[in-house]
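Q: quick one, fold the following:
(one chain, ligands or ions: 1)
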Amino acid sequence: MRIYRCIFCSHELTGTRTKEHVIPVWLQQHLGITDAMLSPTRYSGKTGEVLSTRSHGINGLVAGRVCSTCNNGWMSQLEIVSMPILISLMATRRPVSDLTGAEKTTLARWAAKTAYVLNFSSNSVKNVPLEHMRYLYRNGTALPNGVTVCAQQHNPTMKFNWLQGAQWQILNTTDVGDEVRNKLSENGYKITLQLQSLLFTVGHLPHPPLKFSFWNGIHLPLWPTHGIYAWYEKDGFPWNDSRMAIHYFHAGLLALYDEDPSHNQVV
Ligand SMILES: [Zn+2]
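A: Residues are numbered from 1 along each chain as shown. Purely as a prediction, here's the structure:
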């Protein structure tokens, strides 16, 4: 018989298995989306094409691989401390730039936790490495190496949306080669959430010569809190259209090929 383990703490799932809602119930109720149907868009990691989508009732979207100790323990704690911050940001009562360092880390961990459960539960390629979920469980104050979480606010025309798929535009090289391309499509990920005015992208570049390149003024990094990464300049962010904004925010997080090891990100 196959033994299933919790994706976070790796304990065997027996009678203690629970149904962790991918979108927490308080957030579904706050956004008024409990009965909504969702058709998340997903992209091919190899070609960047939009693949077929599947509709979910949001309330029925549960992660069957989370144990009750995690669900009622650290995940519930993370939800409680994140809730007031999320509520003020989603309604634009506070700007992202107003967050303290500790709030940024809390929110980055909440976004990663939510993105990982979402990736693991959806019909998309499950390319978040299990070590990243274990890392969130083991380490209460950080995120795994090579991961970034960025945020921004816009004028929403939708309540909720998400995108996932590792399509990366790579700067500074004409061809990264098959090895890097394969690593990117296996273990690289990019997952973007829109919650009212708030946009989050959780990204991972699995290969050190690749570094994040952020859209200046658009991607506000919550994590990492320091380190070297690049910025690029561009106009034309669609501030008043949620459907466009989530696509621009997602696709606009770029990778930069940089072989100088002294530039590797330190977390
Ligand atoms: Zn667990």
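Q: mind listing what Q152 touches?
A: Applying Cβ atoms under 8 Å, 6 or more residues apart in numbering, we find Q152 in contact with V96, L198, L199, I218, H219, L220, F249. Any C-beta I mention is one placed from the backbone N, CA and C, and that applies to glycine too.
Q: 7 Å - rerun?
A: V96, L199, I218, H219, L220, F249 (Cβ atoms under 7 Å, 6 or more residues apart in numbering).
Q: just give me the closest of those residues to the ion.
A: Nearest to the ion out of the contacts of Q152 is L199 (Cβ to the ion; 28.9 Å).
Q: isn't there a helix covering that closest one?
A: No: counting by DSSP: H, G, I helix; E, B strand; the rest coil, L199 is located in no helix; its state is strand.
Q: check contacts around it.
A: With Cβ under 7 Å, 6+ apart, L199 has these contacts: A151, Q152, H154, T192, A245, I246, F249.
Q: so who does the residue in the stretch 151-267 of the chain that the ion sits nearest to touch?
A: Residue of the stretch 151-267 of the chain nearest the ion, by Cβ to the ion: V202 (20.1 Å). Neighbour list for V202: A111, A112, A115, V147, V149, I191 [criterion: Cβ under 7 Å, 6+ apart].
Q: now those residues as CSV including secondary structure, pLDDT and neighbour count?
A: Formatted as CSV, the contacts of V202 follow (DSSP: H, G, I helix; E, B strand; the rest coil; pLDDT from 0 to 100; neighbours: other Cβ atoms under 10 Å):
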residue, secondary structure, pLDDT, neighbour count
A111, helix, 98, 26
A112, helix, 97, 27
A115, helix, 94, 27
V147, strand, 95, 25
V149, strand, 97, 25
I191, strand, 94, 27
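Q: how about the residues of the chain that lie near the ion?
A: Remark: the part of the chain in contact with the ion comprises C6, F8, C9, C67, C70, using Cβ under 5 Å from the ion.
Q: in the protein, which helix or strand is least confident?
A: strand 41-43 (a mean of 62; mean pLDDT, DSSP states H and E).
Q: widest-spaced pair of the residues of the chain next to the ion?
A: F8 and C67 (7.6 Å; Cβ to Cβ).
Q: those two: which is more packed in?
A: Between F8 and C67, F8 has the larger neighbour count (other Cβ atoms under 10 Å), namely 27 against 24.
Q: give me the distance from stretch 207-218 to the chain's centre.
A: Centroid separation between stretch 207-218 and its chain, computed with Cα atoms, centre = their mean, to the nearest Å, is 15 Å.
Q: where along this structure do the helices fall?
A: 25-31, 68-72, 74-90, 101-121, 130-138, 178-187, 242-251 (DSSP state H).
Q: what's stretch 231-250 in contact with?
A: Applying Cβ under 7 Å, 6+ apart, the external contacts of stretch 231-250 come out as 152, 154-158, 161, 163, 190, 192, 194, 199, 201, 213-216, 218, 254.
Q: try 8 Å this time
A: Stretch 231-250 is contacted from outside by 150, 152, 154-158, 161-163, 171, 190, 192, 194, 199, 201, 213-216, 218-219, 252, 254, using Cβ under 8 Å, 6+ apart.
Q: please work out which of the helices of the chain is packed deepest.
A: helix 101-121 (a mean of 21; mean count of other Cβ atoms under 10 Å).
Q: tell me what it is packed against?
A: Applying 3 or more Cβ pairs under 8 Å, 6 or more residues apart in numbering; DSSP states H and E, we find helix 101-121 packed against strand 62-67, helix 74-90, helix 130-138, strand 147-153, strand 160-164, strand 189-195, strand 198-204, strand 220-223.
Q: thank you, goodbye.
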